Every structure is written in C-alpha cells, then in structure tokens.
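*Asks:* My questions concern the predicted model and sequence given below.
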Amino acid sequence: MTTTLLTGIGSLVTNDPTLGDLSPLGVVADAALVIDGDGTVAWAGPAAGAPAADTAHDAGGRACVPGFVDSHSHLVFAGDRTADFHARMSGRPYSAGGIRTTVAATRAASDEELEANLTRYLGEALRQGTTTFETKSGYGLTVEDEARALRIAARHTDEVTFLGAHVVSPEHTDDPAAYVDLVTGPMLDACAPHARWVDVFCEKGAFDADQARAVLTAGMGRGLVPRVHANQLSFGPGVQLAVELGAASADHCTHLTDADVDALANGSTVATLLPGAEFSTRARWPDARRLLDAGATVALSTDCNPGSSFTSSMPFCIALAVRDMGMTPDEALWSATAGGAAALRRTDVGRLAPGARADLVLLDAPSHVHLAYRPGVPLAREVWRAGRRLV
Ligand code: NIG
Ligand code: FE
C-alpha cells in the first residue's frame, strides 16, 4: 500500500478550520497532502512540514478543493424535455406536469438505456469535480419501474433515494389517495431494500402535507431517512414538515416565510439550495443570505434532471449562488462540499483532513474563488476519488 505526496498545491481548501487559516474553509497556502494507501487523507498542511511518502505528484501551483458533494440529483431517466425548456424560454411557466413526459420515456426505456444515460451524466459531473452524488427514482411511478430505477442507481452510489411520491402516477390521476397507498405499501416494500433515503415532492399539484407525512413516516418505518422537496414553486408546508420529522435536508427552499427560516435555523435539517432549477425555470432565487444570517446550514446541489435543471455542473451552481443568491465565494464552496456532506449525513467526504476520503479537485486557477469568478470555464484539471486520479 503506497502513500502519495501531493506537492505544489498553491492553495488548499481543507474545510477544517484547525488545519488552515481558522476560517470555515481552513485554507492552507503553499500546501501539501499525503494520501494513504487506503485512499484516505493521512496528512494535510503547509508543504514545508510534509512527511515523506512513497510517491509524489506535483500539483503545479494549482488550487486544490475537496471533491464536490452533489446531494440532490434525478439521474435515472430517459429522453429530455427540450420542448418544455424552449417553451419556457418563450414565456410559458414551469409546470410539474412535465414530469409525466419523462415518466413515459423512462418506462419505455430498457435497463441498459437507463444505465447508459446515468453513466453519461455521472461522467459529466465527475469531469467537473463531483466525487460524491445522491440520486433518486421518481420517473417510474409503478412498483417495478421505481424499484428498477433504484437498483440501477445503487450500482453507482450508496446515496439512493426513493421518490415514488414525485407526482401522482398517470394511472391514479383520479384517485391520488390510492397512489399514496401504493407508494406507502407495495412500492415501499419493493424499493426500501435498495434505498437509504425517502423523499416526497410536497407542492401544489404534487403531494399535500398529509400525503407527504404519510409517505415519509412510512419510509422511516422501513429504516429510510427522510428528505423533502420543499417550498420550490410556492409557499407551503414542506419545510416545516421536514424539520418536524428531523429530515436530513429540505431541498429547494425557494419560498420561505420567516417561520420557515427560523425552523431551519433551529433544527438539524440542512437547507439544500438548487440554483440550476431557478436558472432554468426563470424563477426567483432562493435567498441563501437570509438562511445563512439566521444560522441555517446550507448545501448547494445541481438537482440535475431533464425538466427543471438539466445541469450536472457544481461549479455552475456555485457561480449562480455567488452572483444571485447572496453567498460569498467561500460560503458557496463550503456549501457545495461540506454542506452537501452534511445533507447526506456524511463525515468522510466534503473535507480534506486526516481520515477523510481523498476526494479532490485540482483547479486550473490560483484559488477556489475562481470557481465563481470564471463562470462556465472548465477549471477542473484533475479529479481524484479515494486517492485515485480519475480525470
Ligand atoms: O427537483 N420538483 C420536483 N422535481 C424536480 C423536477 C422534475 C422534473 O421537472 O422532471 C425538481 O426540480
Ligand atoms: Fe429535485
């Protein structure tokens, strides 16, 4: 088991204040990192104090940041929604009803097609620095189609979410209660073994508070941990429900009352913001500044899906959050790494400190600030996961 010394790091973001400049990012200038043979970080700090290792790799003065943790995506689907997007950019509003278009395409696709799509989007994400990702079902909406989505997802990540309650299935439009019974009964039976998380789209046109509570508590009864699509398109009960149930994360958080902000600030639920969705639906931005000032923990993720946010790029989301949501470049990077890890209740990723998985991105830039300063520029020069260079 050989150890590797990563030298010549112009600026290292550790997300461990004790290792660096005492800021939340724990930045170390002129740094080095030692990776153990098991793929974890053995040591991080100023290059001058680095211990010896078996092999060395020169970072060439680049900035090094933890691999991005994308804690919210919907990557098991077929087809796309180009026509929806085109219509939206011609003035039509976003509607959750479009989800059914993707449901039809997904049901019609073979397992091989679905997995090839997933692999393609994961490749995109990896090349942009994502080293941990969560993904969901939600475009099957039958027992078989939801279970197969989760089985396919589970081949690629441990962070798999059952979202049978994405919208009411086309077969149950006239009887939503029967669909909730299906989701909380046979569908959950088939899906729970393949998932870690349970999610629900709590929104007008999807599921109301009582239905959402039924879905989440049924999932919790099977050992799944809740997360909620909350307050995306309108004010509503999703955030309060998420906090009340101790959900790991309330996602979107675009329309928040003061009481919602207080609940997030005082509870353990992470507020996950998904600026790609507001960008691609021309909706109002979530107010990250308000959440941060209140003391909430904020994560940033892509929400990558064909309907509301067809981007796999965490750097793009960082740039939007800085430009339009009141985050500083430091806060946005923290939220895209340590914040995502918090939303997934992980301590082994999202930081570059001893014991963490050696997931890192070397940026073609002197500092992490360039992620927001140089929007749209492919800065991820090298991407390493568990101590192995993949890009
Ligand atoms: O997170 N809000 C619900 N689900 C997705 C959109 C899904 C779709 O439009 O296909 C979201 O934005
Ligand atoms: Fe989503």
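*Replies:* Ah, there it is. Ligands and ions are numbered 1, 2, ... in the order given.

*Asks:* so who does the residue in the chain that ligand 1 sits nearest to touch?
*Replies:* The nearest approach of the chain to ligand 1 comes at Gly307, 2.1 Å away (C-beta to the nearest ligand atom). The C-beta positions use only the backbone N, C-alpha and C, and glycine is treated the same way. Shown here is Gly307, whose contacts under the criterion C-beta atoms under 8 Å, 6 or more residues apart in numbering are Arg81, Asp84, Tyr94, Gly98, Ile99, Thr101, Thr102.

*Asks:* How about Thr2?
*Replies:* Under the contact definition (C-beta under 8 Å, 6+ apart), the residues listed for Thr2 are Gly37, Ala53, Asp54, Thr55.

*Asks:* Any of those residues buried? List them.
*Replies:* With neighbours counted by 16 or more other C-beta atoms under 10 Å, the contacts of Thr2 contain buried members at Ala53.

*Asks:* and the protein, which of its residues are near ligand 1?
*Replies:* Where proximity means C-beta under 6 Å from any ligand atom, the interface of the chain facing ligand 1 comprises 74, 98-99, 102, 201, 229, 232, 277, 303, 305-309.

*Asks:* Strands - which of those residues land there?
*Replies:* For the residues of the chain next to ligand 1, membership in strands holds for Phe201, His229, with DSSP state E as the criterion.

*Asks:* how about the residues of the chain next to ligand 1 in JSON lines, adding pLDDT and distance to Pro186?
*Replies:* Shown next, in JSON lines, are the residues of the chain next to ligand 1 (pLDDT from 0 to 100; distance: C-beta to C-beta, whole Å):
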{"residue": "His74", "pLDDT": "98", "distance to Pro186": "22"}
{"residue": "Gly98", "pLDDT": "91", "distance to Pro186": "27"}
{"residue": "Ile99", "pLDDT": "94", "distance to Pro186": "21"}
{"residue": "Thr102", "pLDDT": "98", "distance to Pro186": "23"}
{"residue": "Phe201", "pLDDT": "98", "distance to Pro186": "20"}
{"residue": "His229", "pLDDT": "98", "distance to Pro186": "22"}
{"residue": "Gln232", "pLDDT": "98", "distance to Pro186": "28"}
{"residue": "Ala277", "pLDDT": "98", "distance to Pro186": "31"}
{"residue": "Asp303", "pLDDT": "98", "distance to Pro186": "28"}
{"residue": "Asn305", "pLDDT": "98", "distance to Pro186": "25"}
{"residue": "Pro306", "pLDDT": "98", "distance to Pro186": "27"}
{"residue": "Gly307", "pLDDT": "97", "distance to Pro186": "26"}
{"residue": "Ser308", "pLDDT": "97", "distance to Pro186": "28"}
{"residue": "Ser309", "pLDDT": "98", "distance to Pro186": "30"}
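
*Asks:* Go through the contacts of Thr2 and say which is closest to Tyr139.
*Replies:* The shortest gap between Tyr139 and any of those belongs to Gly37, at 40.3 Å (C-beta to C-beta).

*Asks:* in what helix or strand does Ala42 lie?
*Replies:* Assigned by DSSP states H and E, Ala42 belongs to strand 41-46.

*Asks:* what's the next secondary structure element after that strand?
*Replies:* Beyond strand 41-46 on the C-terminal side, the first helix or strand identified by DSSP H and E is strand 55-58.

*Asks:* other SSEs contacting that next one?
*Replies:* In this structure, strand 55-58 makes packing contacts with strand 4-13, judged by 3 or more C-beta pairs under 8 Å, 6 or more residues apart in numbering; DSSP states H and E.
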